[in-house]
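Undergrad: turn this into a model:
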Amino acid sequence: MFRVFAENPVGISEPLESDPVTVKCQFDKPSSPRGPFEVSGMTETSLTLKWQPPEWDGGTQILDYLVERREVNKKAWQKVGTTEGGAITSIQVTNLKQNTSYHFRVTARNEVGPSTPYSQDDSITVGRRI
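TA: Numbers count the residues shown, from 1 in each chain. Sure thing, here's the model as predicted:
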């Protein structure tokens, strides 16, 4: 809130007060990356996962993407890795268990912070062609 006073040799006026003002950053977190996931190069223990960039970058460039995995029926997410820049929208996922189904999620990050993660309901089973 701001207050403005006028002053002259006779004295000081009553203040004029502004409405409350909220200072906001001109940038925001990006929207979620988009899918669906594309899987390629699958072997018995690895695959390449690809996604689409967010529709909105938050007003500043995407710095990188964080990719995580979770075995179906488990609760804990494990970090797969981070891309080497915001222009890269795929990652090689290794050290997977054959015939095991996984859920994946991807989070975009800019200078303000991380997006909400993108994940899809369908799991990916390693070693099986889609």
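Undergrad: the spatially closest residue to residue 13 that is not a sequence neighbour: neighbouring residues, count only.
TA: Nearest non-adjacent residue to residue 13, counting by CB to CB, 6 or more residues apart in numbering: residue 6, 4.2 Å away. Glycine gets a C-beta too; all of them are placed from N, C-alpha and C. Neighbour count of residue 6, defined by other CB atoms under 10 Å: 10.
Undergrad: does residue 6 touch residue 12 like I think?
TA: Yes: the pair residue 6 / residue 12 is scored as a contact, 7.3 Å apart, by CB atoms under 8 Å.
Undergrad: so where's the protein shaky on pLDDT?
TA: Under the criterion pLDDT under 70, the flagged ranges of the chain are 128-130.
Undergrad: SS state for residue 58?
TA: coil (DSSP: H, G, I helix; E, B strand; the rest coil).
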